[in-house]
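Asker: Coordinates for the following, if possible.
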Amino acid sequence: MNTVVLGLQWGDEGKGKAIDYLAGAFDVVARFQGGHNAGHTVYYQGRKVVLHVLPSGIFYPACLAVIAHGVVVQPLQLVEEIRNARALGLTLQNLALSENAPLILPFHQQLDVVFEDSRYQRIGTTRRGIGPAYEDVIGRRALFVGDLLQENVFRAKIAPLAEYYNRLFGAYGHASENLDQAIEQYLQAGQFLKPHVADTTRLLQRSFVEKKNILFEGAQGSLLDINLGTYPFVTSSNTTIAGVFSGTGLSPKAVDRVIGISKAYATRVGEGPFPTELKDDSGRDLRERGNEYGATTGRPRRVGWLDLVALKHAVQINGVDSLFLTKLDVLDDLSEIRVATAYEDESGSSDRFPPHADALDRVRPVYQALPGWRQALGASRRLGDLPAKVRSYIAFIEEFTGARVGHISVGGEREQTIEVPG
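Answerer: I've put the predicted structure just below:
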């Protein structure tokens, strides 16, 4: 059964563990969007591993792990990530990298800094060049992984682009980029990556025709989608289900099931509205209990109560079949847990989620208080092992969002996952 796994909040929902838990049952795992601004944390042979671009399928040698053309690739970073994976004993012979994946070029990171510093309102990007790389795709001036394999082609294509951007840097009072060393490094990276480069659209289409089980792996979260998220505080790709099709070349017929990942509370990194954010000691305590620091950047995450209005919105726009609820154990010590069930503003109360930041920034959450369970959940392995108050919390989420909870994570290890019959 071909399955999409994507985040339903502002990212950092625990997708890495969820995808790693599910990946063993699939023949193919394909990453379809984003760049190395994303980080999936998994545990491999008892060791914590943070993946940035590599799909979780790399841990299963019989599984084809695909970086599809919807992903923007910084080749030097990817080379380093591959070397780190090989140091774990992984051969990565099962890795396929799209020849049509756009490149994050040497000046894209500097562009990210220039644009972020020049905005009247900061977005809170990771400044890794992701946005400018996607801008070049839309502007029809991007370079691609396949270009790296042809030195003359790469040099010819990057020269006018560098000239264009150096004029832009000068207009903002920034020094021009000297690309000579970077070009050599990129070309060397291209030769390193060459054994993995492939027509991944064709590979995925063949896998679909052969009825192989495909897992589509998303990055970031639905509320950061460029079209459907809290614009302008969003990422630069489609993090919702639409990104699967534009990012892989497969049609909607290739998807049988959608699993949405949500924390039992909410977090956000960077700027932007966050109606249920806790700015007091309770928020700081929740951050420490949940170790809420970015897997890629190390930035402390903003923490708040679960926002069911936003979660229901994400469930509906993605056609979610079931929820994978993560970090439920982080709430173990709380005597009371709040969830937002509506928003209030000057016009009254509503359960509608306004995705644009200006409108969302004006709302106040309407909470419903639910009893905490004050009991450690880490050893639970079946739904029946969970206290009645936990099951009530889960049932409340299901009723409000209209999506059943199919998996529950009660700890960081793969085996600390409960599958819910249904």
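
Asker: Buried residues, stretch 351-361. List them.
Answerer: Of the residues in stretch 351-361, Phe353, Pro354, Pro355, Ala357, Leu360 count as buried by neighbour count, 16 or more other Cβ atoms under 10 Å. C-beta: built from backbone N, CA, C; applies to glycine.

Asker: Check stretch 253-270 too.
Answerer: For stretch 253-270, by 16+ other Cβ under 10 Å, it's 254-255, 258-270.

Asker: Just give me the closest of those residues to Pro365.
Answerer: Ala266 (10.4 Å; Cβ to Cβ).

Asker: ok, the nearest residue to that closest one once chain neighbours are set aside to Glu336 distance?
Answerer: Leaving out its chain neighbours, the residue that sits closest to Ala266 by Cβ to Cβ, 6 or more residues apart in numbering is Gly304, at 4.8 Å. According to Cβ to Cβ, to the nearest Å, Gly304 stands 15 Å off from Glu336.

Asker: pLDDT of the longest strand along the chain, averaged?
Answerer: When the chain is parsed with DSSP state E, its longest strand is strand 336-345. Mean pLDDT, strand 336-345: 97.

Asker: Sort out which residues of it are buried, please.
Answerer: Those would be Ile337, Arg338, Val339, Ala340, Thr341, Ala342, Tyr343, for strand 336-345 by 16+ other Cβ under 10 Å.

Asker: do the same with stretch 320-340
Answerer: For stretch 320-340, by 16+ other Cβ under 10 Å, it's 320-332, 334, 337-340.

Asker: Tell me which entries of those residues lie within strands.
Answerer: Ser322, Leu323, Phe324, Leu325, Thr326, Ile337, Arg338, Val339, Ala340.

Asker: who's the second one bridged to?
Answerer: In this entry, Leu323 is beta-bridged to Gly260, Val405, by DSSP bridges.

Asker: Distance of it relative to Tyr393?
Answerer: 13 Å.

Asker: Okay, strands next: where are they in the stretch 301-422 of the chain?
Answerer: 302-304, 306-307, 322-326, 336-345, 348-350, 364-371, 404-409, 417-419 (DSSP state E, counting those that start in this stretch).

Asker: Identify the residues contacting the second one?
Answerer: When contacts are taken as Cβ atoms under 8 Å, 6 or more residues apart in numbering, the neighbours of strand 306-307 outside the stretch itself are 9, 262-266, 275-276, 337-340, 365, 397.

Asker: residue ranges of the strands in the stretch 51-200 of the chain, please?
Answerer: Under DSSP E, counting those that start in this stretch, the stretch 51-200 of the chain gives strands at 64-67, 95-98, 197-198.

Asker: can you tell me the average pLDDT over the first one?
Answerer: Taken as a whole, strand 64-67 carries a mean pLDDT of 97.

Asker: do the same with the shortest one
Answerer: For strand 197-198, mean pLDDT rounds to 98.

Asker: same check, this time on stretch 205-212
Answerer: 97.

Asker: As JSON lines, the strands of the stretch 301-422 of the chain with distance to Thr248 would be great.
Answerer: Listed next are these as JSON lines, based on distance: least, Cβ to Cβ, whole Å:
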{"stretch": "strand 302-304", "distance to Thr248": "32"}
{"stretch": "strand 306-307", "distance to Thr248": "30"}
{"stretch": "strand 322-326", "distance to Thr248": "21"}
{"stretch": "strand 336-345", "distance to Thr248": "34"}
{"stretch": "strand 348-350", "distance to Thr248": "36"}
{"stretch": "strand 364-371", "distance to Thr248": "36"}
{"stretch": "strand 404-409", "distance to Thr248": "24"}
{"stretch": "strand 417-419", "distance to Thr248": "26"}
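
Asker: Lowest mean pLDDT across those, which one is that?
Answerer: Checking each of those, the one with the poorest mean pLDDT is strand 348-350, at a mean of 90.

Asker: Show me what that one is packed up against.
Answerer: strand 336-345 (3 or more Cβ pairs under 8 Å, 6 or more residues apart in numbering; DSSP states H and E).

Asker: ok, the strand it packs on: who's next to it in the sheet?
Answerer: When DSSP bridges is applied, strand 336-345 pairs with strand 306-307 (parallel), strand 348-350 (antiparallel), strand 364-371 (antiparallel).

Asker: Please consider this matter closed, and thank you.
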